[in-house]
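Peer 1: This is the structure alone, sequence omitted:
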């Protein structure tokens, strides 16, 4: 049933879809489920090259038995008072984390970012993150250091309160894209220098020149997108939204 647990038949269809070379979105459409559900199922059970329906079903049953024996009930995730289903929010944290891991982000860092995103305040303390993700304080510290270095969060200390909180805001991804643009600009300069040294008529020189041209086009697109995003934010602010 869409929205419920995956069945044996669901897993057979996922395996068949992978064998056909279908993407997660198309497999999800056939099952009537989100692509993130398919992505999470495949990632947990061997990846696209190693997924098997029977093996996935047995692994899921094993994990369920192990959770019943050893795991406490998951802590409530929502903090905004709007009353979302805690189980649905927890699944959202898992699917968002999985998507970030697929993009190359470390697992705990992805979990930290996902937890911050689903809170209305956009802020949590280290102890709260450790409880929600069920990892050590040291793991949270390493994850926060990584995310801070990437410009994806900042530290905040409330006057009179000893513990720090880690905070995201609407400008999180804008800062990351700005850092990407700056890195691209450095690469463009180096590629153009290499093309000049090697000569634009040589295959190697042409390769560097082509790379510089692509990165320049990417930066121009990112710059236009950020300008459009800022205009939309300003319009919402003017409308009181």
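Peer 2: Nice, thanks for sending it over. Note that the structure is a prediction, hence the values are computed from the model and not measured.
Peer 1: Domain boundaries for this structure, per the record?
Peer 2: As assigned by automatic domain parsing, the chain contains the domains 8-70, 86-167, 172-238.
Peer 1: Mean neighbour count and mean pLDDT for those - can I get that in a markdown table?
Peer 2: Heads up, the C-betas are built off the backbone N, CA and C, glycines and all. Conversion of the domains of the chain to a markdown table gives the following (neighbours: other C-beta atoms under 10 Å; pLDDT from 0 to 100):
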| stretch | mean neighbour count | mean pLDDT |
| --- | --- | --- |
| domain 8-70 | 16 | 80 |
| domain 86-167 | 17 | 87 |
| domain 172-238 | 14 | 90 |
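Peer 1: Give me the longest helix you can find in the protein.
Peer 2: Using DSSP state H, we find that the single longest helix of the chain is helix 203-238.
Peer 1: Which residue lies nearest the spatial centre of this protein?
Peer 2: Nearest to the mean C-alpha position of the chain, by C-alpha atoms, centre = their mean, lies residue 100 at 2.3 Å.
Peer 1: correct me, but it touches residue 112?
Peer 2: No. Taking C-beta atoms under 8 Å as the contact criterion, residue 100 and residue 112 are not neighbours in contact, 9.9 Å apart.
Peer 1: Centre of this structure to the edge, which residue is at the far end?
Peer 2: The outermost residue of the chain relative to its centre, with distances by C-alpha atoms, centre = their mean, is residue 201 at 41.5 Å.
Peer 1: where does that residue land in three-state SS?
Peer 2: Judged by DSSP: H, G, I helix; E, B strand; the rest coil, the three-state class of residue 201 is coil.
Peer 1: isn't there a helix covering residue 33?
Peer 2: No. Using three-state DSSP, the secondary structure at residue 33 is coil, not a helix.
Peer 1: Please, where are all the helices along this structure?
Peer 2: Assigned helices in the chain, in chain order: 8-19, 24-31, 35-44, 47-50, 53-70, 86-102, 107-118, 126-133, 137-149, 172-198, 203-238 (criterion: DSSP H).
Peer 1: Among those, which comes closest to residue 158?
Peer 2: With C-beta to C-beta as the criterion, residue 158 lies closest to helix 126-133 of those, at 13.9 Å.
Peer 1: And for that closest one, what's in contact with it?
Peer 2: For helix 126-133, the external contacting residues (C-beta atoms under 8 Å, 6 or more residues apart in numbering) are 75, 77, 93, 108, 111-112, 115, 124, 136-137, 139-141, 144, 163-164, 166.
Peer 1: so how far is it off the chain centroid?
Peer 2: Taking C-alpha atoms, centre = their mean, to the nearest Å, one finds the center of helix 126-133 at 18 Å from the center of the full chain.
Peer 1: how much does it deviate in direction from helix 86-102?
Peer 2: Orientation of helix 126-133 against helix 86-102 (axes from the mean of the first three to the mean of the last three C-alpha atoms, to 10 degrees) gives an angle of 100 degrees.
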